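# structure of the sequence below:
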Amino acid sequence: MGDCDLHGALGYTYQNARFVRTGRNHSPGGAGVARILTITNWYPPHHYGGYELSCFDVMTRLADRGHEVDVFGRCEPSGTIGGVRYHARESLATFAGLLEPDALVVVPDGLPLLLPIRARARVLWTGNAFHEGDVALAPRWPWAPELGRRGQRARLYPLSLFRSCIDRLIVKSEWQRRHLSSGMGMPLDSFGVIFNGVALEYFDGPARPAERHRLVYTSQPRRGLDVLLSLFPSIRPNVPQAELHVFSYDGLGDGLSSAASQPGVVWRGRLPRLHLADELRTASLMAYPSTFKGTFCTAVAEAQAAGLPVVCSTRAALAERVRADVDGVLVDGDERSEAFGRTFVDATVRLLHNDALRARMGSAAREAATARYDWDRIAARWEAELSSAISGRRPALPPAHGIDLLAPELLRVSARGRSAQVPLELAAGWLHAACAAYGFPVDAVPFLGSVARVTA
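Okay, here's the model as predicted:
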């Protein structure tokens, strides 16, 4: 998909040499103008998964409300979209030498929290569920390929080591707040909970004729599609007209291709968000036996905005998205157990057969989505959090932490009973390269003293 196609998918059109968001109301902010510096990894148009889109949407809304917003990431070329100024990350050091942001927002990799940037508050925004929190560095290093994704990267320096550099953590659910508070050893009141939003305007308009027996799955395949495909043959004998339409920006992969070719399953792949909203509005319900520790689940929120009841597991934050027997059905237990499968199939079949129940739950889902996921309300919540974080503070560099980042105990990676030791010289090179990627030489970053000696 080209850049112009992607901007259209995000709801923008190109007019008079600037991008204009279509179908969106502009609301003035409720707080004084703040200078917000956000550092992320990828962002549209280069990649658009969950956190990239969330970052894009939040920062666009804050700019709409009058705040000065600059985003640094992997960007070629730089430019302004929706009032937000996007910059290539290697220009960060120059920018930081000229301007002092009120709030430095880091999404989600933590190394920039330690860079010599003078800011009134440092805010970590994460949608991840790692028990010890995010890390400062996660270079690709296949230390245990047999572990899959976990063994492909060296996750070094959990951010719990640098608590003094974090003034506020923004998470996406109460479950995530409790989970990270326990793992990072930080008090619950260090965290603010702000939901993701949904472009509710995409789901407006005259009612669409629904396909009464169409199920949808719109998350990444690795998050539970294998379970759903194994259960679908038990659904279809009870509802012969049932179809399962699968949407995802990730591919199926070899492991699921065979199961996805069974009768009644339709692979739809990736669609622009506006087109996906249209498809959801014609479906019957969302089936999501999630096996993933999701901290919010935008896929479920979008299904609710479309007026779909959701049948899902209770894993992680899903019990906060779906209200049992109000706007969906929550199925407890091991998602791969026979008991879970029977209950999930029974609940799905019952909803497919009961039009009145499905309509009542769908209406409740739409009402909840309108109240919970409106972007104006979410932007106002961000304003309140950032205003509180910077109140009474003067711009300052991150506090010194006195940690030797090349200490052997910090260079050990482990997962699922496997472990490996990262060579000191390799770790030093990673740190050097990571800082240089933001335009900072080693001797300008206080915490890289030991690294500078190794790489000299």
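
# so where is the stretch 101-250 of the chain shaky, pLDDT-wise?
Within the stretch 101-250 of the chain, the set of residues satisfying pLDDT under 70 is empty.

# just the helices from it, written as ranges.
174-184, 225-235 (DSSP state H, counting those that start in this stretch).

# show the pLDDT at the residue nearest the centre of the chain.
For the chain, the residue nearest the mean C-alpha position is Y51 (3.0 Å; CA atoms, centre = their mean). Predicted confidence (pLDDT) at Y51: the value is 76.

# surely it meets D109?
No - between Y51 and D109 there is no contact under CB atoms under 8 Å: 10.4 Å. All C-beta atoms are positioned from the backbone trio N, CA, C, and that covers glycine.

# wait, what's in contact with the residue lying closest to T343 once chain neighbours are set aside?
Of all residues not flanking T343 in the chain, V331 sits nearest, at 5.0 Å (CB to CB, 6 or more residues apart in numbering). By CB atoms under 8 Å, 6 or more residues apart in numbering, V331 lies in contact with P289, V311, C312, S313, T314, F340, T343, F344, A347.

# regarding the third one, what is its secondary structure?
Think C312. strand (DSSP: H, G, I helix; E, B strand; the rest coil).

# what about the nearest residue to it once chain neighbours are set aside, how many neighbours?
Nearest residue to C312 in three dimensions, chain neighbours excluded: Y288, at 4.1 Å (CB to CB, 6+ apart). By other CB atoms under 10 Å, 32 other residues sit near Y288.

# now do the same contact list for Y288.
Y217, S219, G224, L228, C297, A299, V300, V310, V311, C312, S313, L318.

# I'd assumed L244 was in contact with the first one.
Meaning Y217. Yes - using CB under 8 Å as the test, Y217 is close enough to L244 to be in contact (6.6 Å).

# name the residues contacting each of the two.
L228, A287.

# and G333, how many neighbours?
G333: 14 neighbours (other CB under 10 Å).

# what's the answer for G251, then?
13.

# show the contacting residues for it.
P221, G269.

# again with K172
Counted by CB under 8 Å, 6+ apart, K172 has contacts G127, V193, I194, F195, N196, T295, F296, A317.

# and for the fifth one, the neighbour number?
A count of neighbours around N196, defined by other CB under 10 Å, yields 23.

# so what does it look like in phi/psi?
The phi and psi values for N196, taken as degrees, to the nearest 10, are phi -70, psi 160.

# W175 against T295, yeah?
Yes - between W175 and T295 there is a contact under CB under 8 Å: 7.1 Å.

# between the two, what contacts are shared?
A316, A317.

# quick check: bridge partners of the residue nearest to T343?
S313 (DSSP bridges).

# A369 versus that one, what's the distance?
Distance, V331 to A369, by CB to CB, to the nearest Å: 21 Å.

# how about the top helix by length along the chain: buried residues?
Ordering each helix of the chain by length in residues (DSSP state H) puts helix 355-372 first. If you call a residue buried by 16 or more other CB atoms under 10 Å, then helix 355-372 has these buried ones: R358, M361, G362, A364, A365, R366, A368, A369, R372.

# how close does the fifth one get to L308?
With distances defined as CB to CB, the gap from A365 to L308 amounts to 6 Å.

# do the same with the first one
Using CB to CB, one obtains 9 Å as the distance from R358 to L308.

# touching both of these two, which residues are there?
S284, L285.

# distance from the chain centre to whichever helix or strand A63 is part of, please.
Using DSSP states H and E, A63 sits in helix 50-64. On the basis of CA atoms, centre = their mean, to the nearest Å, helix 50-64 sits 11 Å off its chain's mean C-alpha point.

# wait, A368 touches Q304, no?
Yes - between A368 and Q304 there is a contact at 6.1 Å, judged by CB under 8 Å.

# check contacts around R214.
Taking CB under 8 Å, 6+ apart, one finds A242, E243, L244, H245, T282, A283, S284 in contact with R214.

# buried set for stretch 314-329?
R315, A316, A317, L318, A319, E320, R321, V322, D327, G328, V329.

# ok, the residues you listed vs R394, which is closest?
Ranked by distance to R394 (CB to CB), the buried residues of stretch 314-329 are led by A317 at 36.2 Å.

# quick one: the closest one from T295, how far?
On the measure of CB to CB, A317 and T295 end up 5 Å apart.
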